[in-house]
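> whatever this is, show me its structure:
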Amino acid sequence: MEDNITDIDYDSVQALEEFNGSHNNSGVGQLYLCATPIGNLEDITFRVLRILKEVDIIAAEDTRNSIKLLNHFEINTPMTSYHEYNKYDKAEYLVGLMLDGKNIACITDAGTPGISDPGEVLVQKCYEAGIKVTSLPGPAACITALTMSGLSTRRFAFEAFLPADKKQRAQILEELQDETRTIILYEAPHHLVKTLEELFKTLGSRKVRICRELTKKHETVYADTLDGALAHYRDIEEPRGECVIIIEGADREDLNKQKQQSWEEMTIEEHMALYEDMNRKDAMKHVAKDRGVSKRDIYQALLKSESN
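Residues are numbered from 1 along each chain as shown. Coordinates of the predicted model:
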């Protein structure tokens with residue numbers, strides 16, 4: 001089967017007309033966000049296969065990767081590249097096609113487009129232009145890993161990849177210290193050990209799951225604590241394959257105890273000073289709540305201090 005990649009020169013109106021055959025005045029097109037397998041091709045849905053065959057163009061994150069998927073399912077719809085390095089200009093172009101009546105499917109290398117990938121920008125541009133957007137449910141590595149982690153799934157925070165910038169990275173890690181929801185991160189195998197070192201240093205010995213090769217033949221879930229996982233991948237097993245890291249959230253009771261301890265290390269007067277923008281009565285109320293005592297106790301303590 002011949003490769004069906006058609007990477008359109010979106011600056012050329014002539015190329016556009018040659019691709020589409022003629023100008024379409026039948027109305028505005030639509031954007032379809034199509035989830036594709038994260039490893040096992042059997043995970044694709046019938047609806048995604050139908051839409052990929054019916055749309056006018058497929059906007060793919062990496063056409064070299066996606067052509068394998070399309071060829072496997074005998075899909076001949078032309079593709080054009082849409083990725084991190086052309087996401088703004090290309091989004092404008094794709095919006096123009098949809099305003100011209102063309103239906104477009106957006107796919108990522110693996111999983112659901114729009115989650116930690118350039119599809120987010122295209123969706124924003126569609127809403128600005130009044131173009132209908134629909135998402136076809138399917139595989140997502142973050143949800144797949146979460147559901148098989150054995151950690152709490154009721155509330156979770158998805159952070160994707162931590163920023164490469166040191167300052168931003170440190171800021172995010174600091175914010176995660178007090179995060180009570182289950183935390184989901186992505187990481188490349190060659191950065192896993194360094195990331196685990198930073199997570200252990202910042203978050204302490206929390207439960208963690210390292211999920212690798214999801215839905216594939218060699219799928220694994222390594223269950224341990226952050227320090228245990230660090231020792232394992234640093235000294236025993238070399239990390240291989242893209243990783244999803246699932247970390248238990250901070251214990252709310254422990255956080256409250258830590259805050260309580262920090263308040264108790266202050267004098268009442270120092271604590272009151274934190275609420276200097278309030279009137280005295282409201283400040284006393286907040287201090288009492290912070291310390292887990294009654295407002296009367298704070299009042300008596302202040303009277304005693306002032307009398308001394």
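
> any idea how far residue 225 is from residue 252?
Separation of residue 225 from residue 252 (CB to CB, to the nearest Å): 19 Å. Just so you know, the C-beta spots here come from the backbone N, C-alpha and C atoms, and that holds for glycine as well.

> neighbour count winner among the two?
More crowded of residue 225 and residue 252, by other CB atoms under 10 Å: residue 225, with 16 against 10.

> phi and psi next, for that one.
Main-chain dihedrals, residue 225, degrees, to the nearest 10: phi -100, psi 170.

> just checking, it touches residue 203?
No - counting by CB atoms under 8 Å, residue 203 is not a contact partner of residue 225; they are 10.2 Å apart.

> can you give me the strands in the stretch 101-250 of the chain?
Using DSSP state E, counting those that start in this stretch, the strands found in the stretch 101-250 of the chain span residues 104-107, 132-136, 156-160, 182-187, 207-212, 220-225, 243-247.

> would you reformat these as TSV and include distance to residue 115 and mean pLDDT?
Formatted as TSV, the strands of the stretch 101-250 of the chain follow (distance: least, CB to CB, whole Å; pLDDT from 0 to 100):
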stretch	distance to residue 115	mean pLDDT
strand 104-107	12	98
strand 132-136	10	97
strand 156-160	8	96
strand 182-187	10	98
strand 207-212	16	98
strand 220-225	21	97
strand 243-247	12	98
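
> let's have those in CSV, adding distance to residue 59.
CSV is the format used below for the strands of the stretch 101-250 of the chain (distance: least, CB to CB, whole Å):
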stretch, distance to residue 59
strand 104-107, 5
strand 132-136, 13
strand 156-160, 21
strand 182-187, 22
strand 207-212, 28
strand 220-225, 33
strand 243-247, 25
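
> so for residue 303, which of the ones you listed sits nearest?
Evaluated over the strands of the stretch 101-250 of the chain, closeness to residue 303 peaks at strand 156-160, with 44.3 Å, by CB to CB.

> counting contacts, what elements does the closest one pack onto?
helix 141-147, helix 166-176, strand 182-187 (3 or more CB pairs under 8 Å, 6 or more residues apart in numbering; DSSP states H and E).

> can you mark which positions in the longest one are buried?
Spelled out, it's helix 166-176. Buried residues in helix 166-176, counted by 16 or more other CB atoms under 10 Å: 173, 176.

> burial count for the nearest residue to residue 182 once chain neighbours are set aside?
The shortest distance from residue 182 to any non-neighbouring residue, by CB to CB, 6 or more residues apart in numbering, is to residue 156 (4.2 Å). Residue 156: 19 surrounding residues under other CB under 10 Å.

> much appreciated, bye for now.
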